[in-house]
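Undergrad: Fold the following and give me the result.
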Amino acid sequence: MKAITLEKFGGVENFKIQNLPMPTISENEVLVKVKAFSVNPVDVKTRVGGSLAKELENDPPIILGWDISGTIEEVGANVTNFKVGDEVFGMVKFGQSAKAYAEYVAAPADHLALKPANITHPQAAASTLAALTAWQALTYFGKLKQNDTILIHAAAGGVGHFAVQIAKHLGANVIGTSSEKNKEFVLSLGANEHIDYRSTKFEDVVSDIDFVLETMGYENFGRSIDVLKPTGTIINLPSGLSDEVKAKAIQKGVNANFFMTVFSDSHDINTIASLLQSNILTPYISHQYSFEEIGAAHTQMESGSTVGKIVVLV
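TA: Here you go, the predicted structure:
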């Protein structure tokens, strides 16, 4: 099978397409013929030697990726909920080496859900890590309630554009930040209000916020604490917060999660499938690349200006 390997951590020039043996599956896994996978910020951080680099380095050859959509080719002995030919999608083995940048992936059955018939494989691949992050941030880690007012930073981004839709589904009043050029996109997702972060300081125009989904880190986290109610919740997605801003959150007494890590979960990925099936959740793919264009896909992700998701076709 073809796979995109990483000769060493660093730039995109280290990607190499190789022919490798087919993966073997355990009794609780299925073999998926991948039709599409998505690229996330964690992929880039790992590629340059951060994030999950050590986990992948211990399982050579180094192959990035966790988000897949495809067709089941083989089923493990203990798997009863899937059969050969089923179309499935999911975030596979996140936190470990999943080797998803490949034509075939060995995936735990409980990390997958049936792909809804009303979406394509690229759309399904786009609706995995980012959608699960948004869902778990708002329900498992943060417990967003109906009629809460939520401030979602980078609302046009991969996680952000799912978070806006999920928050509206949960009955919240949504305020999204992005650049002015993405205002209409953010409002079309269901946001009640939009703030152009380049021309307006959000702390000058909002206050008494119940919930902040903080996707930027660093000083943006500290500014977000200032607009929260004393009983509010702030969920931070990127790592790297200073002790000073953490102390600020503790002093104010807000419910703060300083670094949320998404996890593979059968119930949650099936919930995402249900939301996709009912058109409550719609992924937006701004860039689509071929297998051979993996370097360009990573370069686009590194630009920091991607609207929605980046997907690679296999």
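
Undergrad: can you pull out the helices in the stretch 51-200 of the chain?
TA: Per DSSP state H, counting those that start in this stretch, the stretch 51-200 of the chain carries helices over the ranges 53-57, 121-126, 129-136, 158-169, 183-188.

Undergrad: got JSON lines for those helices, with mean neighbour count too?
TA: All C-beta spots, glycine's among them, are computed from the backbone N, C-alpha and C. Listed next are the helices of the stretch 51-200 of the chain as JSON lines, based on neighbours: other Cβ atoms under 10 Å:
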{"stretch": "helix 53-57", "mean neighbour count": "16"}
{"stretch": "helix 121-126", "mean neighbour count": "26"}
{"stretch": "helix 129-136", "mean neighbour count": "26"}
{"stretch": "helix 158-169", "mean neighbour count": "26"}
{"stretch": "helix 183-188", "mean neighbour count": "17"}
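
Undergrad: List the neighbours of the lowest-mean-pLDDT helix or strand in the chain that are in contact with it.
TA: Among the helical and strand segments of the chain, the one scoring lowest on mean pLDDT, DSSP states H and E is helix 243-252, with a mean of 92. The list of residues contacting helix 243-252 from outside it, by Cβ atoms under 8 Å, 6 or more residues apart in numbering, reads 218, 219, 221, 222, 225, 228, 230, 234, 256, 258.

Undergrad: mind giving me TSV with the helices of the stretch 51-200 of the chain and columns for mean pLDDT?
TA: Formatted as TSV, these follow (pLDDT from 0 to 100):
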stretch	mean pLDDT
helix 53-57	96
helix 121-126	98
helix 129-136	98
helix 158-169	98
helix 183-188	98
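
Undergrad: In a markdown table: these, plus distance to residue 82.
TA: Compiled in a markdown table, the helices of the stretch 51-200 of the chain are given as follows (distance: least, Cβ to Cβ, whole Å):
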| stretch | distance to residue 82 |
| --- | --- |
| helix 53-57 | 26 |
| helix 121-126 | 15 |
| helix 129-136 | 19 |
| helix 158-169 | 25 |
| helix 183-188 | 35 |
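
Undergrad: Quick one, which of these gets closest to residue 213.
TA: Residue 213 lies closest, by Cβ to Cβ, to one member of the helices of the stretch 51-200 of the chain: helix 158-169, at 5.4 Å.

Undergrad: If I take that closest one and helix 129-136, what angle do their directions form?
TA: Orientation of helix 158-169 against helix 129-136 (axes from the mean of the first three to the mean of the last three Cα atoms, to 10 degrees) gives an angle of 40 degrees.

Undergrad: domain parsing for this protein?
TA: Structural domains of the chain, as assigned by automatic domain parsing, span the residue ranges 2-127+283-313, 130-257.

Undergrad: nearest residue to residue 7 other than its sequence neighbours?
TA: Spatial nearest neighbour of residue 7, chain neighbours left out: residue 14 (4.8 Å); criterion: Cβ to Cβ, 6 or more residues apart in numbering.

Undergrad: Would you mind confirming that residue 142 is in contact with residue 212?
TA: No - Residue 142 lies out of contact with residue 212 (Cβ atoms under 8 Å); the separation is 9.3 Å.

Undergrad: of the two, who's got more company?
TA: Just comparing residue 142 and residue 212: by other Cβ atoms under 10 Å the higher neighbour count belongs to residue 212, 29 against 22.

Undergrad: right, and residue 134 touches residue 166 too?
TA: Yes - between residue 134 and residue 166 a contact is recorded at 5.3 Å, counting by Cβ under 8 Å.

Undergrad: Just the buried positions in the helix or strand hosting residue 267, please.
TA: Per DSSP states H and E: residue 267 is located in helix 266-277. Buried residues in helix 266-277, counted by 16 or more other Cβ atoms under 10 Å: 268, 269, 270, 271, 272, 273, 275, 276, 277.
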